[in-house]
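Asks: only the shape, not the letters, is given here:
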């Protein structure tokens, strides 16, 4: 089936260190979205990438979509304790009649030690 | 604007009992989703509505789960009978259109004993 794999599963960093999570799909994605879920909370939309090779920035967060539209990454520069949470990528597989069905990765749990 | 509303927030039932969850999406959002999120995993889509029609229910265990979205606004998700493996958080989300950003409700945490 259509899957989205995300690594690493866990990442522990010291405050101020950088953090990166990677997302890979077995098939081409029409777009990819990133969500953040705080402990005990619900997923909150961060960004959507649509174009091949696209790079978007939100303050300390940098999102990339691969040239082949099969992988993506989220990089956080100089982490802060407020960055704690689980980061999910979610892709919409190209082709067929998916009606925009999002397939979520298993998420990367980020903990930041002050 | 008001967010996605869900109730109840928590529910504890015994196996073989039935349970229902309610969702009120953001006003004007045509697309509504129900997800199941098991602890430590990403949300898994159960069913997707476009207005009051189902566009994807391929991962809905139809022998025990049912969902409806009457009048294209509110939606209910029912489980009957519940199994232990149904213990999870059930998330409702809505979006203006398909393939656009989704807004999630707070979820209902279901525990089946």
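Replies: Done, it's in. Model, not experiment: these values are computed from the prediction. Numbering: from 1, shown residues only, chains lettered A, B, ... in the order given.
Asks: give me the sheet partners of the worst-scoring helix or strand of chain A on mean pLDDT and which way each runs.
Replies: Within chain A, no helix or strand scores below strand A:102-104, which has a mean of 93 by mean pLDDT, DSSP states H and E. Sheet neighbours of strand A:102-104, with direction, are listed as strand A:85-93 (antiparallel) (DSSP bridges).
Asks: from chain A, how far out is residue B:55?
Replies: According to Cβ to the nearest Cβ, to the nearest Å, residue B:55 and chain A sit 4 Å apart. Where C-beta positions appear, they are placed from N, C-alpha and C, glycine not excepted.
Asks: for that residue, helix, strand, or coil?
Replies: Using DSSP: H, G, I helix; E, B strand; the rest coil, the structure places residue B:55 in strand.
Asks: I'd like to know how far it sits from residue B:32.
Replies: 10 Å (Cβ to Cβ, to the nearest Å).
Asks: more neighbours, these two?
Replies: Higher neighbour count among residue B:55 and residue B:32: residue B:32, with 27 against 16, using other Cβ atoms under 10 Å in any protein chain shown.
Asks: that one touches residue B:49, doesn't it?
Replies: Yes. Here residue B:32 reaches residue B:49: they are 4.5 Å apart, a contact under Cβ atoms under 8 Å.
Asks: which residues do those two both contact?
Replies: Residues touching both residue B:32 and residue B:49 (Cβ atoms under 8 Å, 6 or more residues apart in numbering or on different chains): B:69, B:75.
Asks: does chain B have contacts with stretch A:37-57?
Replies: Yes. On the criterion Cβ under 8 Å from any Cβ of the partner chain, stretch A:37-57 is in touch with chain B at A:41, A:42, A:43, A:44, A:45, A:48.
Asks: who wins for most neighbours among those?
Replies: Neighbour-wise, the residues of stretch A:37-57 next to chain B (other Cβ under 10 Å) top out at residue A:43, 28 neighbours.
Asks: check the secondary structure at residue B:85 for me.
Replies: Residue B:85 - assigned by three-state DSSP - is helix.
Asks: from residue B:62, how far out is the nearest residue to it once chain neighbours are set aside?
Replies: If the residues on either side of it in the chain are set aside, residue B:85 comes closest to residue B:112, at 7.9 Å by Cβ to Cβ, 6 or more residues apart in numbering or on different chains. Distance of residue B:112 to residue B:62, given as Cβ to Cβ: 18 Å.
Asks: who has more neighbours out of the two?
Replies: Taking neighbours as other Cβ under 10 Å, residue B:112 and residue B:62 compare with residue B:112 leading, 20 against 10.
Asks: now do residue 8, the pLDDT please.
Replies: Picked chain A for this. pLDDT recorded at residue A:8 is 97.
Asks: my question was about chain B
Replies: At residue B:8, pLDDT is 98.
Asks: residue contacts, it?
Replies: Residue B:8 neighbours (Cβ under 8 Å, 6+ apart): B:21, B:108.
Asks: before we move on, what about the one 10 residues further on?
Replies: Contacts for residue B:18 were tallied using Cβ under 8 Å, 6+ apart; they are B:78, B:79, B:80, B:81, B:82.
Asks: residue B:54 too?
Replies: B:47, B:48, B:67.
Asks: next one: phi and psi at residue A:54?
Replies: Main-chain torsions, residue A:54, degrees, to the nearest 10: phi -70, psi 140.
Asks: oh, I was asking about residue B:6
Replies: phi -140, psi 150.
Asks: that one contacts residue B:20, correct?
Replies: No. The criterion here is Cβ under 8 Å, and residue B:6 misses it with residue B:20 at 11.7 Å.
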